[in-house]
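Trainee: This is the structure alone, sequence omitted:
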């Protein structure tokens, strides 16, 4: 009996010793697992970076149209103009885009441009008629005269609007441009004058780019 127990204990010790010497993974298996993990990590990082870059490009494309120019008056444009008015109770004219800079490629046939709205800040009189006109001196360095610069405007160059007290234009004015292909790549400044009595004034710069 004693002999049997000793043999059993000896056998258990040997088994534990053998188990302690056994490696769960051979060196080659561990190396292969490390390589697979490294490759998986690299692939994950590449996919994340690609997704991030595509997301940034998408966001840029979404906002570039509203920042550089517009091709229609939609609810988003109206909301942005109303926001500009709400930020300043004394603001008489709001221009969109708020950067007051638009970029148009010469020869583009989409009639792109900018929008503006006039607000009557008078709180006493019931209504008032406002006349507006866009002017430009052109750019001497680019050899673009004021007359030529104004000829690029195909709609919204002038007009009038009757506004009640503390109200703004229901629909902003859309100034559309059509820049000819032979126009120089240049920066042209336009001025929006609102009367009577030099009621309001705003500027807008047009950057002409090659197609």
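Mentor: Good, I have the coordinates. Computed from a prediction, not measured in an experiment: that's the story for all the values here.
Trainee: residue ranges with poor pLDDT in the protein?
Mentor: Filtered on pLDDT under 70, the chain yields the residue ranges 1-37, 39, 55-67.
Trainee: in this structure, which spans are strands?
Mentor: Along the chain, counting by DSSP state E, strands occupy 93-96, 101-105, 113-120, 127-136, 153-155, 158-164, 167-168, 173-177, 187-195, 200-209.
Trainee: Same list, these, but as a markdown table with mean neighbour count and distance to residue 86 please.
Mentor: (Glycine included, C-beta is placed from N, CA and C.) Shown next, in a markdown table, are the strands of the chain (neighbours: other Cβ atoms under 10 Å; distance: least, Cβ to Cβ, whole Å):
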| stretch | mean neighbour count | distance to residue 86 |
| --- | --- | --- |
| strand 93-96 | 23 | 10 |
| strand 101-105 | 18 | 22 |
| strand 113-120 | 24 | 11 |
| strand 127-136 | 16 | 20 |
| strand 153-155 | 14 | 27 |
| strand 158-164 | 13 | 17 |
| strand 167-168 | 18 | 10 |
| strand 173-177 | 21 | 19 |
| strand 187-195 | 18 | 20 |
| strand 200-209 | 17 | 17 |
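Trainee: can these go into JSON lines with extra columns for distance to residue 51?
Mentor: Output for the strands of the chain, formatted as JSON lines (distance: least, Cβ to Cβ, whole Å):
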{"stretch": "strand 93-96", "distance to residue 51": "32"}
{"stretch": "strand 101-105", "distance to residue 51": "29"}
{"stretch": "strand 113-120", "distance to residue 51": "34"}
{"stretch": "strand 127-136", "distance to residue 51": "44"}
{"stretch": "strand 153-155", "distance to residue 51": "42"}
{"stretch": "strand 158-164", "distance to residue 51": "47"}
{"stretch": "strand 167-168", "distance to residue 51": "42"}
{"stretch": "strand 173-177", "distance to residue 51": "37"}
{"stretch": "strand 187-195", "distance to residue 51": "37"}
{"stretch": "strand 200-209", "distance to residue 51": "30"}
